[in-house]
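**Student:** below are the sequence and a predicted model; questions follow.
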Amino acid sequence: MNEVDKGETAPSSTLPRNPERQQAIEDFLTRFADCPDRDLLADMMVTICRLAHDHTGRGELKLLSKALQELRYAFKVFAPYAPIRKVSIFGSSRTPIGHPDYIQADAFGRRMREVNWMVITGAGDGIMRAGHDGAGREASFGVAIRLPFEQKTNVVIRDDSKLVNFNYFFTRKLMFVKEASAIALFPGGFGTQDEGFEALTLVQTGKSSPIPIVLVDAPGGTYWQHWRTYVAAELLRTGMINPEDMGLFRVTDDVEVAVDEIVRFFRRYHSSRYVGDVFVMRLASALPAEAVEALNDNYAGILAGGRIEQAPGPVEGEGGEYPDLPRLTLRFDRKSVGRLRLLINDVNAA
């Protein structure tokens with residue numbers, strides 16, 4: 001899910017500006033943590049000073065310290081695998097080996113490995129182990145949570161260098177979302193529902209980049225069929241979501257359909273980000289001019305102004321990432337996310 005828009009931050013505390021403190025921070029970073037993004041490290045150190053100035057309690061400081069430690073280590077573990085796309089797999093930890101849902105998740109993990117993806121699961125048993133079983137240890141990440149009951153690391157990922165243990169659900173969930181280019185949900189309990197709705201909320205509100213979300217039943221299963229019926233009857237019918245939001249996910253009981261939904265999403269679409277108020281979509285290959293015109297004809301209603309344009313490379317202010325990829329640029333209204341997903345589908349089909 002990768003890149004998110006950098007919106008307004010929380011207001012700073014009343015800690016006055018202190019040139020001596022700022023110079024001390026600069027000197028410290030030069031000596032012990034010199035790097036190209038030193039300005040962001042300096043911002044973090046100023047925030048630490050503000051925590052002291054605000055008389056933040058020890059419990060809150062422990063939470064922040066532990067969360068930062070967990071995220072730092074997780075970033076380190078995932079960094080070497082950044083170029084490889086990954087799918088986060090969610091589902092019940094109670095699903096036994098041999099259950100149709102287990103067999104389906106195993107098959108899904110295996111097929112994702114075969115198309116050169118890696119899988120991320122919660123590292124427990126049930127669906128989590130099934131995803132790891134299918135993908136194999138080398139193509140698997142585990143993001144485990146420490147619980148007083150039920151959860152234990154499965155034998156596939158246990159003691160692997162790609163296993164990360166978390167104390168907090170929120171840091172763990174961040175890694176599930178940040179590192180994933182797709183989400184696959186299998187039948188599960190409250191946790192699975194939470195993770196599924198979280199992913200849908202982030203995509204629907206534009207707080208994460210668009211990604212494919214597949215909801216996978218065993219052959220002939222009804223878990224996600226019933227879930228979709230509920231969503232249509234209680235959320236769509238009452239106007240709590242838009243009709244296009246039903247296109248943010250795909251329900252299927254066929255592994256090949258699920259895999260195709262994910263792989264096809266990246267046929268031409270590569271990634272996206274905002275540069276100011278411009279939505280920049282990176283493409284694996286350029287669109288024909290007539291396809292760009294068709295997008296303008298069909299999706300003018302999601303624009304805050306201007307037109308959808310194609311550029312041969314990075315736009316001003318974007319930075320140096322993926323310099324060889326063409327771009328589509330548009331002033332997206334930031335609310336018609338379901339329609340944006342349809343636009344991406346058309347980009348991939350062109």
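**Tutor:** Perfect, I can see it now. Residues are numbered from 1 along each chain as shown.
**Student:** got any ranges where this protein has weak pLDDT?
**Tutor:** 1-16, 149-151 (pLDDT under 70).
**Student:** check which residues of stretch 198-216 are buried.
**Tutor:** Buried residues in stretch 198-216, counting neighbours by 16 or more other Cβ atoms under 10 Å, are found at 198-200, 202-204, 206, 208-216. No exception for glycine: its C-beta is placed from N, CA and C like everyone else's.
**Student:** since we're on residue 220, how many residues are nearby?
**Tutor:** Burial measure for residue 220: 8 neighbouring residues, criterion other Cβ atoms under 10 Å.
**Student:** ok, the one 4 residues further on next?
**Tutor:** As a burial measure, residue 224 scores 21 neighbours (other Cβ under 10 Å).
**Student:** following the strand or helix carrying it in sequence, what is the next regular element?
**Tutor:** When elements are defined using DSSP states H and E, residue 224 is found to belong to helix 223-230. Scanning the chain past helix 223-230 towards its C-terminal end, the next helix or strand to appear is strand 250-252 (assignment: DSSP H and E).
**Student:** just give me how far that next one sits from the chain centre.
**Tutor:** Using Cα atoms, centre = their mean, to the nearest Å, the distance from the centre of strand 250-252 to the centre of the chain it belongs to is 19 Å.
**Student:** determine the longest helix present in the protein.
**Tutor:** Criterion DSSP state H: the longest helix present in the chain is helix 58-78.
**Student:** buried sites along that helix?
**Tutor:** 67, 70, 71, 74, 77, 78.
**Student:** can you check stretch 332-343 too?
**Tutor:** Residues of stretch 332-343 classed as buried by neighbour count (16+ other Cβ under 10 Å): 332, 333, 336, 337, 338, 339, 340, 341, 342, 343.
**Student:** pull the contacting residues for the fourth one.
**Tutor:** Okay, so that is residue 337. 203, 204, 205, 206, 210, 244, 245, 248 (Cβ atoms under 8 Å, 6 or more residues apart in numbering).
**Student:** gap between it and residue 70?
**Tutor:** 30 Å (Cβ to Cβ, to the nearest Å).
**Student:** residue 280 in helix, strand or coil?
**Tutor:** Under DSSP: H, G, I helix; E, B strand; the rest coil, the three-state class of residue 280 is strand.
**Student:** was I right about it contacting residue 270?
**Tutor:** No. At 10.8 Å, residue 280 and residue 270 do not qualify as touching, with contact defined as Cβ atoms under 8 Å.
**Student:** what are the ranges of the helices in the stretch 101-250 of the chain?
**Tutor:** For the stretch 101-250 of the chain, the helices defined by DSSP state H, counting those that start in this stretch cover 127-135, 169-178, 190-204, 223-230.
**Student:** out of the ones you listed, which comes closest to residue 90?
**Tutor:** Comparison of the helices of the stretch 101-250 of the chain against residue 90 by Cβ to Cβ identifies helix 190-204 as nearest, at 4.5 Å.
**Student:** distance between the closest one and the chain's centre?
**Tutor:** From the chain centre to the centre of helix 190-204 is a distance of 11 Å (Cα atoms, centre = their mean).
**Student:** what is it packed up against?
**Tutor:** Helices and strands in packing contact with helix 190-204 are listed as strand 86-90, helix 169-178, strand 182-185, strand 213-216, helix 337-349; criterion 3 or more Cβ pairs under 8 Å, 6 or more residues apart in numbering; DSSP states H and E.
**Student:** output those in a markdown table; the columns should cover distance to residue 143.
**Tutor:** Rendered in a markdown table, the data for the helices and strands packed on helix 190-204 read as follows (distance: least, Cβ to Cβ, whole Å):
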| stretch | distance to residue 143 |
| --- | --- |
| strand 86-90 | 9 |
| helix 169-178 | 5 |
| strand 182-185 | 14 |
| strand 213-216 | 18 |
| helix 337-349 | 26 |
